[in-house]
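Novice: output the structure for:
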Amino acid sequence: MELHDPEGTTPFEAAAQSEEARHVASLLLRLPASYREVLVLRFQEDLDFGEIASIVRAPLSTIKSRLYRGLEALREHLEEQAL
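Specialist: Residues are numbered from 1 along each chain as shown. So this is what the prediction gives:
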């Protein structure tokens, strides 16, 4: 019997996605909490900048700065591990 996945994800792809998610989660833990908080709210919870600003109780410009600095720090960690 063959199970059909409506998204077309193979077991190998599902395992790879799970491994990648664990890897990104471990990298997020290396970031300062203020960056991590904004990144999670934006990309995991799919909130816009205004919603994040009201949750975090910070100005919109601060939220944008934290997001871009957090992305840059995450990129640097990824590059370090690629070496």
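
Novice: now the longest helix along the chain: buried residues?
Specialist: Criterion DSSP state H: the longest helix present in the chain is helix 60-82. Residues 63, 66-67, 69-71, 73-74, 77 are the ones in helix 60-82 that count as buried (16 or more other C-beta atoms under 10 Å). From N, CA and C alone the C-beta is placed, and that goes for glycine too.

Novice: wait, which of the residues you listed is closest to Ser26?
Specialist: His77 (9.4 Å; C-beta to C-beta).

Novice: contacts only, for the residue lying closest to that closest one once chain neighbours are set aside.
Specialist: In space, not counting the residues next to it along the chain, His77 is nearest to Leu27; the distance is 4.8 Å by C-beta to C-beta, 6 or more residues apart in numbering. Contacts for Leu27 (C-beta atoms under 8 Å, 6 or more residues apart in numbering) come out as 74, 77-78.

Novice: and for Arg66?
Specialist: 34-35, 37-38, 58.

Novice: what do you get if the cut-off is 6 Å, keeping everything else the same?
Specialist: Taking C-beta atoms under 6 Å, 6 or more residues apart in numbering, we find Arg66 in contact with 34-35, 38.

Novice: next step: those residues restricted to helices.
Specialist: 34-35, 38.

Novice: distance to Glu19, pLDDT and neighbour count added to those residues, as CSV?
Specialist: Conversion of the ones in helices among the contacts of Arg66 to CSV gives the following (distance: C-beta to C-beta, whole Å; pLDDT from 0 to 100; neighbours: other C-beta atoms under 10 Å):
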residue, distance to Glu19, pLDDT, neighbour count
Ser34, 27, 96, 16
Tyr35, 23, 97, 21
Val38, 25, 97, 28
